[in-house]
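Enquirer: My questions concern the predicted model and sequence given below.
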Amino acid sequence: MAILLQIFTQMKQSYLPRFAFLVFILGVTVTGYSQFREPNVVDTTPGGATMVSENAVFSTAYRTDLIRRIMPHLNHPDFENAWWGVHVRDLNTGASVFSRYAQKGFMPASNTKLYTTAAGLDLLGHDYHFHTHLWKLGTLEDGVFRGALIVEGSGDPTISGRFNDDDPMEVFRNWAIALRERGITRIEGDIIGDDTLFDDIPLGRSWSWDYTSYWYAAEMGALSFNDNTIDLLMVGQAPGEPATITWEPYETSFVEIVNETLSIHRGEPRRVGYDRPWTTNTIHVSNHIPEGDTVRYSPSITNPALYFVHVMREEFERQGISVEGNVHGREALPLVQGYRERAEIVATHVSPSLADIVFILNQRSQNFYAENLLKTIGAYYLFAQEVNPDIGLLIGNSPRLFAGLDRDQALLDAGVNASARDGHEASWLVFGAAGVDTTRLRLADGSGLSRMNVVTPQMTTALLEFMWNHPDADIREAFMASLPRPGVEVGTLRNMFRQGAARETVMAKTGTIGMARALSGYVMAADGTPLAFSIMVNHHTVSNVLSNRIIENVVNILAEYDPGATQAAN
């Protein structure tokens, strides 16, 4: 009871809300004291039974005042049908300084990417690179290559214009040059895309069926091109006429565009939308566009490996290499069984570093990148198990465990077929080392697009604390650099925190799907104390404009708070 008397002495001059809090503390029995699983928690959850421990007396006033300032925002009447979960950690001490339903499960939306990128960086290292090989198996005579070209997919999500000065064809053009340098001007044979590093499940678990036409739900694949999308440009014409439609790359014949658009007068109601029926690459475009206006879309495609080799063949022909054969996906691999032992590598594309990839992944919240990274983790986990069946005992305690790992030839020849589940099995061990309660963690995908993901705010701050204190400085820096900042054009925080105390120091990952919004990351308190925070709201039916405002208010309160000054005032 001594601790309660100390708290009472500190708080006896305070007003009613603090007295109510004291009554709440006094309502906890001494018997319950031993049941508290984490010290230094002030839990505002109704019915919660979290005691302030002996070493928390100094900061009690600070935390109580946080409750007074934050709770009115979380109790906003427009969110009566919703749940807010919040957890804040002092990164200097590891202590919790604010908690509201912090151990309840929430759909994290794109906050899932924090888990995927933390595991990817920890296991593969910031300087990991994907290597995509072009193999040739056959004979060359008088400029004519007779045989097969095989592209071995590595899971690289970056073969596009994003890292190639907006030129998505650069890799294919370089490969055409490599073929010509070997004297090849004509190919009489097939081009095969080998995407068996990953399984053949192209979408995440429980993704909504009506997402799949859109860029943010593009199919994943070990052999992918242009984010597995095409880029449409529509221009309104004279009213009553269809809009003109062009598309990149080079109006590829891989897709069929059905122009159902209509040009309209300015001021008339617009109509937006396109649709790609399941299992097809036929895209119906039905916009109503004012005369002279332009609209851009990036619809997804299906069958990424076939898309890759189809567009590659088109580029080879533009570069003067004729191709007489057909293009195929993994179904044709039995025709070149064991090709790595008999074929020759003609060219290899090396991706940017994982640090650069994770930067785009988190800044732009790129779902496709996250899914490919998760399955890449899974593939290396399967390789590692071939080398050491007890590899799981090392994960989480040895950074870059998969870096430089030799890929098992027999497994490659058989088809690795790494799944999202394989990626999660490896990642779970990292999360466990981070202090995440993995018995209650549920992740269905790598991006957060699935509504089957369930995490708690407290799990998320544990992961953030782990990455803040990561023993590998380069991995830590890559993770921190990937988090969006206010006002930065590339990031998803560009339109948030336009004012307020947090603007200069907050770096955090957003998350949004229907009826779920989240923001988790880091901010500095006014005295320089680094804080990790996770704020999640689920089941709200009001606009995210309002949920964003509440999230911003809470983070600004954390940033403007000075624990020392509050203690002195009390």
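Expert: Perfect, I can see it now.
Enquirer: from here on, contacts and neighbour counts on C-alpha atoms
Expert: Fine.
Enquirer: Name the residues that touch stretch 277-289?
Expert: Contacts to stretch 277-289, defined as CA atoms under 8 Å, 6 or more residues apart in numbering, come from residues 213, 235-236, 243, 254-264, 269-276, 295, 299, 301-302.
Enquirer: For it, buried residues please.
Expert: 281, 282, 283, 284, 285, 286, 287, 288, 289 (16 or more other CA atoms under 10 Å).
Enquirer: Filter the contacts of stretch 277-289 down to just the ones in helices.
Expert: Among the contacts of stretch 277-289, no member falls in helices (criterion: DSSP state H).
Enquirer: Just the ones in strands from the residues you listed, please.
Expert: 235, 256, 257, 258, 259, 262, 263, 264, 274, 275, 295 (DSSP state E).
Enquirer: ok, the last one to residue 229 distance?
Expert: Read that as residue 295. 16 Å (CA to CA, to the nearest Å).
Enquirer: now do the third one
Expert: Residue 257 sits 13 Å away from residue 229 when distances are taken as CA to CA.
Enquirer: Okay, strands next: where are they in the stretch 201-350 of the chain?
Expert: Applying DSSP state E, counting those that start in this stretch to the stretch 201-350 of the chain gives strands spanning 231-235, 244-248, 256-259, 262-264, 274-275, 282-285, 288-290, 294-297, 322-323, 327-328, 344-350.
Enquirer: what is the mean pLDDT for stretch 152-161?
Expert: Mean pLDDT, stretch 152-161: 97.
Enquirer: Buried residues of that stretch, list them for me.
Expert: For stretch 152-161, by 16+ other CA under 10 Å, it's 152, 153, 154, 155, 156, 157, 158, 159, 160, 161.
Enquirer: Confirm the fourth one sits in a helix?
Expert: No. The assignment for residue 155 (DSSP: H, G, I helix; E, B strand; the rest coil) gives coil, which keeps it out of a helix.
Enquirer: That one - nearest residue in space that isn't next to it in sequence?
Expert: Distances taken as CA to CA, 6 or more residues apart in numbering place residue 222 nearest to residue 155, at 3.8 Å, with adjacent residues excluded.
Enquirer: Same question for residue 212.
Expert: Nearest one to residue 212, counting by CA to CA, 6+ apart, is residue 218 at 6.5 Å.
Enquirer: tally of neighbours for that neighbour?
Expert: By other CA atoms under 10 Å, 27 other residues sit near residue 218.
Enquirer: same deal with residue 337?
Expert: Residue 337 has 12 nearby residues by other CA under 10 Å.
Enquirer: who's in contact with it?
Expert: Contacts of residue 337 by CA under 8 Å, 6+ apart are residue 413.
Enquirer: just residue 199 next, same as before
Expert: Contacts of residue 199 (CA under 8 Å, 6+ apart): 416, 417, 418, 419.
Enquirer: measure residue 438 to residue 356 for me?
Expert: Separation of residue 438 from residue 356 (CA to CA): 28 Å.
Enquirer: Sorry, wrong one. I was asking about residue 250.
Expert: From residue 250 to residue 356 the distance is 27 Å (CA to CA).
Enquirer: ok, the two, which is more surrounded?
Expert: Neighbours were counted for residue 250 and for residue 356 using other CA under 10 Å; residue 356 has more, 18 against 13.
Enquirer: For residue 150, identify the helix or strand it belongs to.
Expert: Assigned by DSSP states H and E, residue 150 belongs to strand 144-152.
Enquirer: Check which residues of the helix or strand just after that strand are buried.
Expert: Going down the chain from strand 144-152, the next helix or strand is helix 170-181, by DSSP H and E. With burial defined by 16+ other CA under 10 Å, the residues of helix 170-181 counted as buried are 170, 171, 172, 173, 174, 175, 176, 177, 178, 179, 180.
Enquirer: Go through these and say which is closest to residue 490.
Expert: Using CA to CA, residue 170 is the member of those that lies nearest residue 490, at 22.9 Å.
Enquirer: pretty sure that closest one contacts residue 164?
Expert: Yes. Assessed by CA atoms under 8 Å, residue 170 is found in contact with residue 164 at 6.7 Å.
Enquirer: Spell out which residues make up each domain of the protein.
Expert: Domains of the chain are assigned by automatic domain parsing as 37-105+483-569, 131-203+303-352, 230-297.
Enquirer: Save the ones you listed as TSV, and put in distance to residue 111 too.
Expert: Below are the domains of the chain laid out as TSV (distance: least, CA to CA, whole Å):
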stretch	distance to residue 111
domain 37-105+483-569	5
domain 131-203+303-352	19
domain 230-297	25
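Enquirer: Report how many residues lie close to the residue nearest to residue 290 when sequence neighbours are not counted.
Expert: Excluding its sequence neighbours, the residue lying closest to residue 290 (CA to CA, 6+ apart) is residue 264, at 4.7 Å. Residues lying near residue 264 (other CA under 10 Å) number 24.
Enquirer: wait, what's in contact with residue 264?
Expert: Under the criterion of CA under 8 Å, 6+ apart, the neighbours of residue 264 are 236, 238, 239, 240, 288, 289, 290, 291.
Enquirer: which non-adjacent residue is nearest the fourth one?
Expert: Here the nearest residue to residue 240 in space, its sequence neighbours aside, is residue 263; by CA to CA, 6+ apart that works out to 5.5 Å.
Enquirer: dump the residue contacts of the one you found.
Expert: Residue 263 touches 236, 237, 238, 239, 240, 241, 242, 243, 288, 289, 290, 291, counting by CA under 8 Å, 6+ apart.
Enquirer: Just the pLDDT at it, thanks.
Expert: At residue 263, pLDDT is 98.
Enquirer: What are the boundaries of the helices in the stretch 1-150 of the chain?
Expert: Counting by DSSP state H, counting those that start in this stretch, the segments of the stretch 1-150 of the chain that form helices are 2-11, 16-26, 30-33, 60-74, 112-124.
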